[in-house]
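Chemist: Just need the structure, nothing else, for what follows:
(chains A, B and C)
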Amino acid sequence: MLDLLWLVPVIPFIGFLILTLTFGKLPQLAAGVVGAGSIGLSFVFAFLAGSSFLGAELTSYSQTLWTWMSVGDLDVGFTLYLDGVSLVMMYVITGIGFLIHVYATGYMSGDPSFARFFSYMNLFVSAMLILVLADNLALLFMGWEGVGLCSYLLIGFWYKDPNNGYCARKAFVMTRVGDAFMAIGLFTLFVSTGTLNIQEAMLEAEAQWVVGSAVATAVTLLLLGGAVGKSAQLPLQTWLPDAMAGPTPISALIHAATMVTAGVYLIARTHVLYLLAPEVQYLVGVIGAITLLMAGFTALTQSDIKKVLAFSTVSQIGYMFLALGVGAWSSAIFHLMTHAFFKALLFLTAGSIILAMHHEQDIFKMGGLRKDLRWSHALFLIGTLGLVAFPGFSGFFSKEEILASAMANHDGGYILYLAGLLGAVMTYLYSFRLYFLVFYGKKTHDGHEVMGLHLQGPLVLLAIGAVLAGLIHIPVEGVFPEMEEHHPSVMAQAAMILLPMLGGLLAWWVFIKGKVDTEKLAGQGIGATLHRFWFTQWGMDWLYDKIIVMPYTWLAEVNKTDFIDSIYNGSARAVRFCHEVMSETQTGQLRWYAISVAYGLLLLVVLGVLL
Amino acid sequence: MSVLFYGSAIIAILATLLVITRTNIVHALLYFIVSLLAIAVIFYTLGAPFAAALEIIVYAGAIMVMFLFVVMMLNLGHVTQDQEKAWLTPSVWIGPSIMAVPLLAAVIYAINLNQEQMAHTVVGGKEIGIALFGPYVLAVELASMLLLAGLVGAYHLARK
Amino acid sequence: MEMPTVTMQVIPMEHGLLLAAILFVMGMVGVLTRRNLVFILMSLEVMLNATGLAFIVASSRWGQVDGQIMFLMILSLAAAEVAVALGLVLQLFHKRKTLDINVLGEMKG
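Modeler: Got it, this is the predicted structure:
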């Protein structure tokens, strides 16, 4: 069954081709069957290939489909590579992707561009599968760019609103900044190790590079640039909140569960290189810690339900980066998987709420919905408990693992641990703020649950996943170096579990009991300053506007006439002037021509006589 | 023979002078034919009897007749003649003459640079025929193509 | 048809060339002066004819056949040129009812 692995990325691509080549003429039912069915079929094959992989107890399996390019020393094959990490990623992408597709058939029902939506979605899944199954970095980069393209297309899916187009462009350009770093990193790696095959490059690097050497630092930093761009970490995180302009299933699939975690996957995939550059690895952790705190504070101030979830995604990916930074590779992948479940659940449930509220996304206009939206309420609560790592839910297992690893890390891990703990408090605070504001309090609007098997069915399955995914054992032993089990003391464990709950308590105290007037707090004095600071993502957008966008537009303004072009324009003008002078001689008068010829003749004869 | 040459030369020059000054086209054509006949005589005196015959047959006989036909078809009557009179004021001759005189002077100066005598042989039709279908056969082919093009072009253009 | 060779000595080549030059310049003056297309064509024929004369003179000077062959070429050129040119003149006159080249000056660059 393992040799059917190639079907896993190919089937969604075939789905994309069918949906594209019919030019959206397919009826909605057929488009939905093709769109969601191809992912379901892909999941079946992924499952078959995966179970025979696990059954055979292999550490890795690779399948070469064809030689992509072979130039000089560069030999890049279209080769799929399966091991524990890519297996987990493949399951997450096809499994959760399938559920989101099924949900989307309900959510997008009636949209005039229904087929176009699913063709982009299928292309995305195909590209994402190529990304995680790639055996070499060139193929990985192709998938990487492919998902970036689909992300752009889907954020701007409702392109008639110019703002959506702006958000799509912002996401595309900002991730492109990271991708440029990544491409340079790949070149450097190739020059240094002579191969782009991931496993070979790792072995070469391990053999050649000295720990902490310049080349190791450079390559890992450049790859980190790519990862930071894709995974929306500091300083390239500002695109993800704007990416919420896309349809909600997109936010769930691309901007929560799969694509944005590609950076985590990349770093985990190339972890050998990071072990050779400890400073950069620590930097990964620091970036994660700062990002998770920043996003946590910002999530606390947002009023759009999807933006709150977007910032919580940024924050959770920050946790994964933190885990990578302290060398807890498998914990990062584990958290990636559990996060995919509960965040997809949260986004899709948010989508249901938005549907029920007739596309109202402002949480201050919701409230008291727990009676009207029973399904959404229950599912959202499960997702929230997963997100805040409530004991017993999936997020608990992965997050505790990360915090324990950070605590046990001796090289500055303690600061990261404290940041993670503070972040956990923040997670409780903003998650329950969101939950309380939406489902409790005074009811202002009526909502009617939109019911349907293809809406609630996937949500229930995701909810089961969000509860139980923590019990799954991910098969990554052969991939990452062995880690000793961390058993923090009982006190520390109790602190890790109970301290964050204070955040939930605070949220209850503020938003249910109403002990604090939040509007008054955020409206004046230092509260207002802090609110503004947090709300604007610590002023990052403003900063980029000032230091990049404005100088750039200023330069464009100054160089409006393109002074370098004036050389070429000048020569064109000179030629045109000569042409005009010459065309003046074309009077159309025969006599004039005859006289010119005669004068020429005279000149020639006189010259011939004289010389 | 030299009397014949110089006499014909004078006739040719005078006739050509009349060609370029006449206002009546038919008169001008007739003077041109006179000039051509005089030049044919000069060809004969220079030992080129074949060329002399062609000058009369082709130039005077064919080309000039073509002119005559066209003049007839255009039916240019007195109106044209009066028009020509109005156009040919003395002043229009000044510019071209000013140009012609130095050109002629330069050519004459060039001719006089080396004094040469004429040869004494007559080159008849037989030699020309041998040369035409010997070394110059390609030129003959080219001339035939040119004439064919002229034929097709004239047929196409003159059609109503 | 043998000609007495004695009589031919008296004519120097320069005189033949001089005649050709005079005829050529007269033709040129005609081309530059005239406004009627038919007259211009006729003056052009004068110039061509003068060129032919120059070739014959040269042929006679060297006693070679080549000059006369060039004259033949000029003759065929003149025939073809006149045929096409007169066809154009006919068409022009039909269309524009005039042969004044000052009026027929539309091909301005």
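Chemist: so where's chain C uncertain?
Modeler: C:1-10, C:109 (pLDDT under 70).
Chemist: Quick one: name the residues of it near chain A.
Modeler: Taking C-beta under 8 Å from any C-beta of the partner chain as the contact definition, chain C meets chain A at C:28, C:31-32, C:35, C:40, C:101-102, C:104-109. C-beta: built from backbone N, CA, C; applies to glycine.
Chemist: Go through those and single out the one with the most neighbours.
Modeler: Using other C-beta atoms under 10 Å in any protein chain shown as the neighbour test, the residues of chain C next to chain A are led by C:Met28, with 26 neighbours.
Chemist: I figured that residue was touching C:Ala50, is that so?
Modeler: No: counting by C-beta atoms under 8 Å, C:Met28 stays clear of C:Ala50, with 9.3 Å between them.
Chemist: Surely A:Leu123 is in a helix?
Modeler: Yes: A:Leu123: assigned to a helix according to DSSP: H, G, I helix; E, B strand; the rest coil.
Chemist: quick one: it and A:Cys167, what's the gap?
Modeler: Per C-beta to C-beta, to the nearest Å, A:Leu123 is found 20 Å from A:Cys167.
Chemist: With A:Tyr593 instead?
Modeler: For A:Tyr593, the distance to A:Cys167 (C-beta to C-beta) stands at 66 Å.
Chemist: tell me the pLDDT at A:Gly525?
Modeler: A:Gly525 is assigned 68 on the pLDDT scale.
Chemist: Likewise for A:Asp411?
Modeler: On pLDDT, A:Asp411 comes in at 69.
Chemist: List the contacts of B:Ala28.
Modeler: B:18-20, B:22, C:39, C:42 (C-beta atoms under 8 Å, 6 or more residues apart in numbering or on different chains).
Chemist: Could you say which helix or strand holds residue 33?
Modeler: I'll assume chain A. helix A:28-55 (DSSP states H and E).
Chemist: my bad, the chain I had in mind was chain B
Modeler: Assessed by DSSP H and E, B:Ile33 sits inside helix B:25-45.
Chemist: can you give me the offset of the lengthiest helix in chain A from its chain's centre?
Modeler: If you go by DSSP state H, chain A has its longest helix at helix A:162-193. With C-alpha atoms, centre = their mean, to the nearest Å as the basis, helix A:162-193 stands 12 Å off its chain's centre.
Chemist: buried ones in stretch A:373-393?
Modeler: Within stretch A:373-393, the residues that count as buried by 16 or more other C-beta atoms under 10 Å in any protein chain shown are A:373, A:375-377, A:379-390, A:393.
Chemist: Of these, which ones also sit close to chain C?
Modeler: Answer for the buried residues of stretch A:373-393 near chain C: none qualify (C-beta under 8 Å from any C-beta).
Chemist: The closest residue to chain B within the stretch 1-150 of chain A: neighbouring residues, count only.
Modeler: Nearest residue of the stretch 1-150 of chain A to chain B: A:Phe23, at 51.9 Å (C-beta to the nearest C-beta). By other C-beta under 10 Å, the residues close to A:Phe23 number 10.
Chemist: and after the helix holding B:Ile33, which helix or strand comes next?
Modeler: Per DSSP H and E, the first helix or strand lying C-terminal to helix B:25-45 is helix B:49-54.
Chemist: how big is the angle separating the helix or strand just after that next one from helix B:25-45?
Modeler: Counting by DSSP H and E, the next helix or strand C-terminal to helix B:49-54 is helix B:64-74. In terms of direction (axes from the mean of the first three to the mean of the last three C-alpha atoms, to 10 degrees), helix B:64-74 departs from helix B:25-45 by 180 degrees.
Chemist: which helices and strands sit right next to helix B:64-74?
Modeler: Here helix B:64-74 touches helix B:25-45, helix C:37-62, helix C:66-96, going by 3 or more C-beta pairs under 8 Å, 6 or more residues apart in numbering or on different chains; DSSP states H and E.
Chemist: burial measure for residue 18, as a count.
Modeler: This is for chain A. A:Ile18, neighbours per other C-beta under 10 Å, totals 19.
Chemist: looking at chain B here, not the other one
Modeler: 16.
Chemist: my guess is it contacts B:Tyr31, does it?
Modeler: Yes: under the criterion of C-beta under 8 Å, B:Leu18 makes contact with B:Tyr31 at 4.3 Å.
Chemist: angle of the helix holding B:Ile33 against helix C:37-62?
Modeler: Going by the same axes, to 10 degrees, helix B:25-45 makes 10 degrees with helix C:37-62.
Chemist: pLDDT averaged over helix B:25-45, what's the number?
Modeler: For helix B:25-45, mean pLDDT is 92.
Chemist: May I have the distance across stretch C:91-101, first residue to last?
Modeler: Using C-alpha to C-alpha, to the nearest Å, one end of stretch C:91-101 lies 14 Å from the other.
Chemist: Skip the chain neighbours and tell me the closest residue to the most centrally placed residue in chain B.
Modeler: The residue lying closest to the centre of chain B (C-alpha atoms, centre = their mean) is B:Leu36, at 6.0 Å. Leaving out its chain neighbours, the residue that sits closest to B:Leu36 by C-beta to C-beta, 6 or more residues apart in numbering or on different chains is B:Ala60, at 4.5 Å.
Chemist: pLDDT-wise, which helix or strand of chain B ranks last?
Modeler: None of the helices or strands of chain B scores lower by mean pLDDT, DSSP states H and E than helix B:78-87, at a mean of 78.
Chemist: More neighbours: which of A:Tyr593 and A:Cys167?
Modeler: A:Cys167 (21 against 14).
Chemist: Let me see the contact set for the more buried one.
Modeler: A:155-156, A:239, A:242-246.
Chemist: One more pass at 6 Å, please.
Modeler: By C-beta atoms under 6 Å, 6 or more residues apart in numbering or on different chains, the contact set of A:Cys167 is A:155, A:242, A:245.
Chemist: Out of the residues you listed, who's the most crowded?
Modeler: A:Ile155 (29 neighbours).
Chemist: pretty sure that one is touching A:Met244, no?
Modeler: No: applying C-beta atoms under 6 Å as the test, A:Ile155 and A:Met244 come out as separate, 8.4 Å apart.
Chemist: so where's the chain shaky on pLDDT?
Modeler: You didn't pick a chain, so chain A it is. In chain A (pLDDT under 70), the answer is A:411-413, A:447, A:483-488, A:514-525.
Chemist: let's do chain B instead
Modeler: B:77, B:113-120, B:160.
Chemist: quick revisit: in the helix holding B:Ile33, which residues are buried?
Modeler: B:25, B:28-45.
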